[in-house]
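1. Here is my input; please provide its structure:
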Amino acid sequence: MKIINHLIDDQYPPFKEEPNVREIVRAVVLNSNDEVALTHLLADDMFGHRDYYELPGGGIEEGESRLEALQREIQEEVGYTIKLIGEIGTVIDYYNLLKRENHNHYYLVRAVDYVGRTPTENELRLIDKLVWVTLEQAIRLFNAHPDSGLAKLVKARELPVLLEAKRIYQEKLEHDNLSH
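-> The predicted structure follows:
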């Protein structure tokens with residue numbers, strides 16, 4: 001999977017130790033109306049006040065493939081089984097407060113069957129709500145994220161992913177239209 005970005009945490013004090021590496025899967029999930037699923041995070045914790053949007057996803061558990069983890073994470077947070085449209089790319093970023101290096105692997109997927117959300121306790125604590133918006137609205141929401149704290153780091157990580165997803169999806173639509 002191609003590297004889209006390699007980001008450094010400039011919002012929190014750096015750490016000197018070797019970081020823990022966490023493998024993560026995330027997705028731009030499209031529904032039948034071509035709307036994108038976003039999780040709205042609203043919490044107060046070690047990162048400060050959180051009030052911003054993220055693409056759904058989370059950590060890969062031991063023994064899981066990326067696609068198995070992606071299906072599990074999307075069901076937990078969005079409630080759907082999914083069909084893979086394609087790979088978007090990888091973003092490597094750091095969370096200094098956690099002394100962690102994240103390898104975020106992004107996919108473009110279609111929501112297929114609603115089976116119900118099964119959020120974890122941590123997801124229940126952090127996720128205020130799930131919203132479906134157009135890809136253009138999602139890009140505007142991420143552009144409006146604050147330029148400080150964790151929201152700035154999430155914006156830097158996910159805005160380029162949304163723009164790449166838009167490009168991939170437009171190419172797919174054009175190809176499908178030419179094929180018919």
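2. show me what contacts the most centrally placed residue in the chain?
-> For the chain, L55 is the residue whose C-alpha lies nearest the centre (C-alpha atoms, centre = their mean; 3.1 Å). Residues touching L55, when contacts are defined by C-beta atoms under 8 Å, 6 or more residues apart in numbering, comprise 26-29, 36-39, 106, 158, 161-162. Glycine gets a C-beta too; all of them are placed from N, C-alpha and C.
3. redo that, cut-off 7 Å
-> Taking C-beta atoms under 7 Å, 6 or more residues apart in numbering as the definition of contact, the neighbours of L55 are 26-28, 38, 158, 161.
4. just those now: which is nearest P14?
-> Distances from P14 to the contacts of L55, taken as C-beta to C-beta, are shortest for E158 (22.3 Å).
5. Assumed that closest one was part of a helix.
-> Yes: the secondary structure assignment for E158 places it in a helix, going by DSSP: H, G, I helix; E, B strand; the rest coil.
6. Could you tell me how many residues sit around it?
-> Using other C-beta atoms under 10 Å, E158 is surrounded by 27 other residues.
7. where do the helices sit along the protein?
-> With DSSP state H as the definition, the chain shows helices at residue ranges 66-77, 121-126, 135-143, 149-179.
8. List phi and psi for the residue nearest to the centre of the chain.
-> Note on L55: backbone dihedrals following degrees, to the nearest 10 are phi -80, psi 140.
9. D44 versus that one, what's the distance?
-> 22 Å (C-beta to C-beta, to the nearest Å).
10. Could you verify my assumption that E73 touches G59?
-> No: using C-beta atoms under 7 Å as the test, E73 is too far from G59 to be in contact (8.2 Å).
11. So those two - more neighbours on which side?
-> Relative neighbour count places E73 above the other of E73 and G59, with 24 against 12, counting by other C-beta under 10 Å.
12. quick one, what contacts the nearest residue to A165 once chain neighbours are set aside?
-> Setting aside the residues directly before and after it, A165 is nearest to V28 in space (C-beta to C-beta, 6 or more residues apart in numbering), at 4.1 Å. Contact partners of V28, counting by C-beta under 7 Å, 6+ apart, are 36, 55, 88, 108, 161-162, 165.
13. Spatially, what comes nearest to V161 if we skip its sequence neighbours?
-> Sequence neighbours aside, Y106 is the residue nearest to V161 in space, at 4.9 Å (criterion: C-beta to C-beta, 6+ apart).
14. Relative to A37, how far out is the one you found?
-> The spacing between Y106 and A37, counted by C-beta to C-beta, is 13 Å.
15. And K83, by the same measure?
-> Separation of K83 from A37 (C-beta to C-beta): 14 Å.
16. do the same with G58
-> For G58, the distance to A37 (C-beta to C-beta) stands at 14 Å.
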